[in-house]
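Trainee: would you be able to build a 3D model of this:
(chains A and B)
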Amino acid sequence: GDSVTQMEGPVTLSEEAFLTINCTYTATGYPSLFWYVQYPGEGLQLLLKATKADDKGSNKGFEATYRKETTSFHLEKGSVQVSDSAVYFCALSDPWNQAGTALIFGKGTTLSVSS
Amino acid sequence: EAGVAQSPRYKIIEKRQSVAFWCNPISGHATLYWYQQILGQGPKLLIQFQNNGVVDDSQLPKDRFSAERLKGVDSTLKIQPAKLEDSAVYLCASSLALQGERAFFGQGTRLTVV
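Mentor: Coordinates of the predicted model:
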């Protein structure tokens, strides 16, 4: 079945450092790909998405490019801030899945940024 | 715009007891999801409703879990009897249509089974 694998954390960075969180997926069809973020004490929020190959999603300085050839959707940010400390989830939604279109999540990566 | 409301926020019960969670989705959202998030893992879908019909309940442990969506709006998730491994955060989400990507999540109910 469909699945998402993302790098394990925690990831600890200093402010202004470059961030990469790796994500790869397995899907039978042509999924849409997402990054969700969960800040401490808050609910899951959509950070960015891409719906087809070579699309780049971006938001709040974060970017991720849908790479069909490598089945990847890595999250990047050029300069992290303390306020980016959160848990990041890679996810997919497969419209070709006859069972439904719910999101399938990776295990999450905890990012901790220190000043 | 009001978000997805869930209650209670926290619940502690003993194993073999029963518990119920409530979710009020965003007004007008036809699709409602219940996810289970065990500590250290990503959310896993338990059940998906479209209006008051079930779209996917393949991962719902039906011997102990049940869910209903009242009149296509509010939903309740019940566990009876609870086991220790049911300790998790139960997330409710809603979306306008059958598109998982436009789902909005509630803050969840943290269940601890002792």
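
Trainee: hey, where'd the strands end up in chain B?
Mentor: B:5-7, B:10-13, B:19-24, B:31-37, B:44-50, B:53-56, B:65-69, B:75-79, B:88-95, B:104-105, B:109-113 (DSSP state E).

Trainee: output those as a markdown table; include the columns mean pLDDT.
Mentor: Compiled in a markdown table, the strands of chain B are given as follows (pLDDT from 0 to 100):
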| stretch | mean pLDDT |
| --- | --- |
| strand B:5-7 | 96 |
| strand B:10-13 | 97 |
| strand B:19-24 | 97 |
| strand B:31-37 | 95 |
| strand B:44-50 | 93 |
| strand B:53-56 | 90 |
| strand B:65-69 | 97 |
| strand B:75-79 | 98 |
| strand B:88-95 | 95 |
| strand B:104-105 | 91 |
| strand B:109-113 | 97 |
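
Trainee: A:T5 reaches A:T71, doesn't it?
Mentor: No - using Cβ atoms under 8 Å as the test, A:T5 is too far from A:T71 to be in contact (9.6 Å). C-beta: built from backbone N, CA, C; applies to glycine.

Trainee: what touches both of these two?
Mentor: Listed as contacting both A:T5 and A:T71 by Cβ atoms under 8 Å, 6 or more residues apart in numbering or on different chains are A:24-26.

Trainee: closest to chain B among these?
Mentor: Nearest to chain B among the shared contacts of A:T5 and A:T71: A:Y25, at 12.6 Å, using Cβ to the nearest Cβ.

Trainee: circling back: quick one, which of the strands of chain B is nearest to A:L46?
Mentor: Of all those, it is strand B:104-105 that lies closest to A:L46, at 8.2 Å by Cβ to Cβ.

Trainee: what's the closest one packed up against?
Mentor: strand B:88-95 (3 or more Cβ pairs under 8 Å, 6 or more residues apart in numbering or on different chains; DSSP states H and E).

Trainee: distance check, A:L75 against A:G43.
Mentor: 19 Å (Cβ to Cβ, to the nearest Å).

Trainee: which one's more surrounded, these two?
Mentor: A:L75 (25 against 19; other Cβ atoms under 10 Å in any protein chain shown).

Trainee: wait, that one sits on A:V37?
Mentor: No - if you go by Cβ under 8 Å, A:L75 and A:V37 don't touch, sitting 9.5 Å apart.

Trainee: which residues are in contact with each of these two?
Mentor: Residues touching both A:L75 and A:V37 (Cβ under 8 Å, 6+ apart): A:47, A:88.

Trainee: which of the strands of chain B sits closest to A:A64?
Mentor: So among those, strand B:104-105 is nearest, using Cβ to Cβ, at 19.5 Å.

Trainee: pairing partners for that closest one, with directions?
Mentor: Strand B:104-105 has its sheet partners listed here by DSSP bridges as strand B:88-95 (antiparallel).

Trainee: quick one, the strand it pairs with and strand B:44-50 angle?
Mentor: Our comparison of strand B:88-95 with strand B:44-50, counting by axes from the mean of the first three to the mean of the last three Cα atoms, to 10 degrees, yields an angle of 30 degrees.

Trainee: just the angle between strand B:88-95 and strand B:75-79, please?
Mentor: Using the same axes, to 10 degrees: strand B:88-95 against strand B:75-79 is 160 degrees.

Trainee: what about strand B:88-95, distance to the chain center?
Mentor: 5 Å (Cα atoms, centre = their mean, to the nearest Å).
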